[in-house]
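[1] sharing a model prediction with you, sequence too.
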Amino acid sequence: MSSLTVAAVQTSPAFGCVDANLDQALALIPGGCDLAVLPELFATGYQFRSRDEVAAFAEDLGPGTVAGPVVTRLGAHAAATGTTLVAGLVERDGPRLFNSAVLLRPDGTHDAYRKVHLFLDEKLLFDPGDRPFPVFRACGTTVGLMICFDWIFPEAARSLALGGAKVIAHPCNLVLPWCQEAMVTRCLENAVHAVTANRVGCEDRTGSELVFSGGSQVVAPRGERLARLPSTGTGAAVARIEPGTPDTQLTLRNDVLGDRRPGLYRG
Ligand code: ACM
């Protein structure tokens, strides 16, 4: 497939209202999309008070496990519409709890990524991701997954690009103001598209209010914003993209991945 329609879906979840949050998110996914990205933890809300509360919303993703409500409803939507979905959810693996993103294909298969760089109180609530940044084949291209705060570590997007990702799917619950700008650079320095899906609204369940910044966007490999939503309100930022174009070759003699000098870099 040479071109794809992608959407960054911007939702406004109410904490703990899984069914209603799923209803809202599914209604916002535009018809005819090849790939739609939903925010981090879009079905549960973000500000958990305890690890026990996180566990109450967790879903198993492993082979042979019973699918939870998020995977079941998103999987059914993917199968019914032909849209590949990427969305944030709480993943349980035995005693461990991960802030994960699941990729669900219309053929009923799924893959997942466990957030590597935990933000703020996530460090008290979740286990840190234990696997490298993954790149999966989906919707006729290669899709790399990262979650929210991973944006501030250039290594995340770089790892995905070196792994062959042409499109980065990036579910978010952003509260710091810099990510949407930074993702322009991440796309430019890796020659990838990025679909950043953020939520709006606020939560104050722990005595420290978090305001989520919206601004969901689709960015192209030369840093062009193809679609962008405002900081408030729900919706979908939709763009038609050609994954892999433009490619990593920046000038006649420069390639953004090929010209790297890893032997001279620290750490
Ligand atoms: C974040 O990683 N949710 C800011």
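    Arrived safely, thanks for sending. Bear in mind that the values here come from a model prediction, so they are computed numbers and not experimental data.
[2] need the residues of the chain near the ligand, please.
    Proximity of the chain to the ligand, by CB under 6 Å from any ligand atom, involves residues 40, 119, 148, 149, 173, 174, 175. Every C-beta, even on glycine, is put in place using the N, C-alpha and C of the backbone.
[3] what two of those residues are the furthest from one another?
    Using CB to CB, the pair of the residues of the chain next to the ligand lying farthest apart is 40 and 175, separated by 11.1 Å.
[4] neighbour count winner among these two?
    It is residue 40, of residue 40 and residue 175, that has more neighbours when counted by other CB atoms under 10 Å, with 27 against 19.
[5] measure that one to residue 163 for me?
    Residue 40 is 21 Å from residue 163, where distance means CB to CB, to the nearest Å.
[6] likewise for residue 3?
    22 Å.
[7] before we move on, what about residue 90?
    According to CB to CB, residue 90 and residue 163 sit 25 Å apart.
[8] looking at the two, which is more packed in?
    A side-by-side neighbour count of residue 90 and residue 163, using other CB under 10 Å, places residue 90 first with 23 against 14.
[9] re earlier: by neighbour count, which of the residues of the chain next to the ligand wins?
    Using other CB under 10 Å as the neighbour criterion, residue 148 leads the residues of the chain next to the ligand with 29 neighbours.
[10] can you map out the helices along the protein?
    For the chain, the helices defined by DSSP state H cover 18-28, 51-56, 69-81, 122-125, 154-162, 179-190.
[11] on contacts alone, who are the packing partners of the longest one?
    So that's helix 69-81. When contacts are defined as 3 or more CB pairs under 8 Å, 6 or more residues apart in numbering; DSSP states H and E, helix 69-81 sits against helix 18-28, strand 59-60, strand 84-93, strand 96-104.
[12] can you list the ones you listed in TSV and add distance to residue 168?
    Formatted as TSV, the helices and strands packed on helix 69-81 follow (distance: least, CB to CB, whole Å):
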stretch	distance to residue 168
helix 18-28	20
strand 59-60	23
strand 84-93	10
strand 96-104	11
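[13] now render those as a markdown table, adding mean pLDDT.
    Putting the helices and strands packed on helix 69-81 into a markdown table (pLDDT from 0 to 100) gives the following:
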| stretch | mean pLDDT |
| --- | --- |
| helix 18-28 | 98 |
| strand 59-60 | 98 |
| strand 84-93 | 98 |
| strand 96-104 | 98 |
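[14] for whatever residue of the stretch 151-267 of the chain ends up closest to the ligand, give its distance to residue 19.
    Per CB to the nearest ligand atom, residue 173 is where the stretch 151-267 of the chain lies closest to the ligand, at 4.1 Å. Note on residue 173: its distance to residue 19, by CB to CB, is 20 Å.
[15] how close does residue 141 get to the ligand?
    According to CB to the nearest ligand atom, to the nearest Å, residue 141 and the ligand sit 25 Å apart.
[16] just give the nearest non-adjacent residue to that residue, would you?
    residue 243 (4.1 Å; CB to CB, 6 or more residues apart in numbering).
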